[in-house]
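> Sequence and predicted structure, then a few things I'm wondering about:
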2 protein chains.
Amino acid sequence: MNDQNETRGDAEVTPEHNNTSPHVITLDDIHTAARRICGWVHKTPVLTSKALDAMAGRHLYFKAENLQKTGSFKVRGACNAVFLEKEKNPGSAGVVTHSSGNHAQAVAYAASCVGLGCSVVVPRGTPKVKCDAIQDYGGQLVFCDPTPMARKETCAALARDTGRTTIPSSDNTDVICGQGTLALELLEEVPDLDAVVLSVGGGGMLAGVATTIHHLHPHCQVYGVEPEGKELECCLRARVRLWSESSSFLNTVADSIRLRAVGPVAFPFICDYANRHVFTVTDDQMIQGTRLSFERLKQVVETASGAAVYASVHMLGKVQPGAQKVGVILCGGNIDFDTLPWFTPLPTY
Amino acid sequence: MNDQNETRGDAEVTPEHNNTSPHVITLDDIHTAARRICGWVHKTPVLTSKALDAMAGRHLYFKAENLQKTGSFKVRGACNAVFLEKEKNPGSAGVVTHSSGNHAQAVAYAASCVGLGCSVVVPRGTPKVKCDAIQDYGGQLVFCDPTPMARKETCAALARDTGRTTIPSSDNTDVICGQGTLALELLEEVPDLDAVVLSVGGGGMLAGVATTIHHLHPHCQVYGVEPEGKELECCLRARVRLWSESSSFLNTVADSIRLRAVGPVAFPFICDYANRHVFTVTDDQMIQGTRLSFERLKQVVETASGAAVYASVHMLGKVQPGAQKVGVILCGGNIDFDTLPWFTPLPTY
């Protein structure tokens, strides 16, 4: 069923929509972000594959954010937010964030670009390779207990004690504007997209891309792809954040989209500008999508990217069968190569 | 030791050089090949990585032939040779080749581009995934015993019986000219290279690239990278093909460069235009290089590409320490994902 006609426009705002954002993001905000981060992030290529087009029955345009600085799109939002902090407050004490993943590397990189100090709160037990990557970009590690609550509290205390500014991973309009810049580039290359498909964790990328595309090409549908258990579609249809606990994690192979809830800043943009239909994929389907990227695009991507590949190839046709040109975001390429998820260990004799 | 000064020029031709090619390849031949295959092969991107530059201590420019049509550079030579067959003989009965690898897919693709029939001799036991890929491009499979001799003989008999023209995988000037086109593109993007590093199997790519670079930018050194046991450097220094048996295979993880001997057509070009120093890499070193590509370039490449990555990062500095800008050919990306070579199976309990 194609429900694209019931998902847009202010007529949709009902009394249940208790999450209307106090924020507005204009096209000018996205363009300003693009100018701010220009030269510090890559303009990533858009890749195509005739084999995947044939499988999907439509033209797919893969935005290769796996080739982005630090290996994911996260650097766009991080640069926009960190550079803005430096502009507003040239004598800033620096920035702080909590993450063991792509956002941590992105903020550390962004801070290094403008000479700001950067502390990153990581849970004890974070693999050494991830800690090394953060330190390689100049981030100072601060360890905490491996619970979502401890991460938040440690980060807040650190910000308070050091005077450093917290850079959230997704629930922040500066971060959302930064992520939106990838949609500017995608539409520049392929102006007449019918749909865009991308994975959703905290919702910053989905909010930024959906907002940008709403401004520039409102007929294009923007779809989120989620791991099982997130239930974003229920929330979008109710226009209410139904998650009881914001900081809990899903049990999914896609470690970069483990966060169950979309935050209160990003949620209204997604409600207003994304299609209500959300593709829910299993671990196995994400792994299949990841492998398609490796085999057909020759691109190393993480399983969150594989989620979008799988949905665009195998699921979009049922929801928007008329979509001819579809953008697919390969959100990142930071994968643990020692445990590639499709490897079937050889039997031992 | 940098022996770049002793490797070039006719003064090097000694009586031992019993392999002088009857063929000459001019720059015009390479440009003609480029025009012939234009539109049927990709102009592949050149990728860079600050992390790999830092490891190597120089600037590396990776020519991403893993993103080429059919997944490897082989399609350049195959298209040039097959299209030329069609030009010379519009009523051609078709083409035939023997290969279970990249060359087979490349010839099948090239033949399909110009509507020629194509038979591919493959050894019995070739993995189904490879057979499927050849058939996907329209190639007709002909099975033979799994020995180098049976492959050659079956192919020759097939050519004789069907009137189809044999397209060799490397030892042919049309194929060599086609492979040389990748060097045209590389120099177009990075005109002032000091060196180029690429893996060598049958020698077609090394001959084509070295010849092209000799014509356009003769100060740039072109180095081959070989698996252990090939002993190409001994042959280059002697200027004699010392291999006793042309068709034997090396025992190496890099299945696309298993052929021990460089052929008699390609050898003289390599003698005349490549640096005499050949980098010999172990399986473990090729795997390390492959993994660097996956992790740092986010590019899926086969282990023959990993050989060139490893040599450019870890070995070139000892031979040509002054090289600032170095081209590295990522020759292909067709790897068997079920058995990624660096995966250490988890222990079973």
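Nice, thanks for sending it over. Numbering: from 1, shown residues only, chains lettered A, B, ... in the order given.
> all helices for the stretch 151-300 of chain A, in order.
All helices of the stretch 151-300 of chain A, identified by DSSP state H, counting those that start in this stretch, fall at A:173-189, A:204-216, A:232-238, A:266-273, A:283-292.
> now the residue nearest the centre of chain A, nearest residue through space, not along the chain?
Among the residues of chain A, the one closest to the centroid is A:Met205, at 4.0 Å (Cα atoms, centre = their mean). Take A:Met205 and drop its neighbours on the chain: the residue closest to it by Cβ to Cβ, 6 or more residues apart in numbering or on different chains is A:Gln179, 4.4 Å away. Just so you know, the C-beta spots here come from the backbone N, C-alpha and C atoms, and that holds for glycine as well.
> Report how many residues lie close to the one you found.
Residues near A:Gln179, counting by other Cβ atoms under 10 Å in any protein chain shown, number 32.
> go on, A:Asp145?
13.
> quick one: is whichever strand or helix holds A:Ala307 near chain B?
Assigning secondary structure by DSSP states H and E places A:Ala307 in helix A:303-314. No: judged by Cβ under 8 Å from any Cβ of the partner chain, helix A:303-314 stays clear of chain B, getting no closer than 10.4 Å.
> A:Phe62: which element?
strand A:59-64.
> Can you spell out which helices and strands pack onto that strand?
strand A:46-47, helix A:50-56, helix A:173-189, helix A:303-314, strand A:325-330 (3 or more Cβ pairs under 8 Å, 6 or more residues apart in numbering or on different chains; DSSP states H and E).
> Could you list the low-confidence segments of the stretch 51-200 of chain A?
Judged against pLDDT under 70, the stretch 51-200 of chain A has no low-scoring part.
> circling back to that earlier point, the helix holding A:Ala307 to strand A:325-330, inter-axis angle?
160 degrees (axes from the mean of the first three to the mean of the last three Cα atoms, to 10 degrees).
> could you check the angle strand A:59-64 makes with helix A:303-314?
170 degrees.
> now the angle between helix A:283-292 and helix A:303-314, please.
90 degrees.
> Now A:Asp192: closest residue in space, sequence neighbours ignored.
Of all residues not flanking A:Asp192 in the chain, A:Lys325 sits nearest, at 6.0 Å (Cβ to Cβ, 6+ apart).
> show me the residues around that neighbour that make contact.
In this structure, A:Lys325 makes contact with A:58-59, A:61, A:190, A:192-195, judged by Cβ atoms under 8 Å, 6 or more residues apart in numbering or on different chains.
> care to break chain A down by domain?
With domains defined by automatic domain parsing, chain A comprises A:4-72+A:172-334, A:74-166.
> export these to a markdown table and tack on distance to B:Thr162?
Output for the domains of chain A, formatted as a markdown table (distance: least, Cβ to Cβ, whole Å):
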| stretch | distance to B:Thr162 |
| --- | --- |
| domain A:4-72+A:172-334 | 29 |
| domain A:74-166 | 55 |
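> mind checking which of those domains is nearest B:Gly125?
domain A:4-72+A:172-334 (21.8 Å; Cβ to Cβ).
> And that closest one, how far out from the chain middle?
Remark: domain A:4-72+A:172-334 is offset 7 Å from the chain centroid, using Cα atoms, centre = their mean, to the nearest Å.
> What residues does the stretch 51-200 of chain A have near chain B?
Residues of the stretch 51-200 of chain A lying near chain B (Cβ under 8 Å from any Cβ): A:66-67, A:71.
> can I get the CA coordinates of the helix or strand harbouring A:Ala150 in CSV?
If you go by DSSP H and E, A:Ala150 is part of helix A:148-162. Presented in CSV, the C-alpha positions along helix A:148-162 are these (Å, rounded to 0.1, in the frame of the first residue of the first chain):
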residue,chain,number,x,y,z
PRO,A,148,23.0,4.2,29.1
MET,A,149,22.2,6.1,32.3
ALA,A,150,25.9,6.2,33.4
ARG,A,151,27.0,7.5,30.0
LYS,A,152,24.5,10.4,30.2
GLU,A,153,25.3,11.2,33.8
THR,A,154,29.0,11.1,33.4
CYS,A,155,28.8,13.3,30.3
ALA,A,156,26.6,15.8,32.1
ALA,A,157,28.9,15.9,35.1
LEU,A,158,32.0,16.3,32.9
ALA,A,159,30.3,19.2,31.0
ARG,A,160,29.4,20.9,34.3
ASP,A,161,32.9,20.4,35.8
THR,A,162,34.9,21.4,32.8
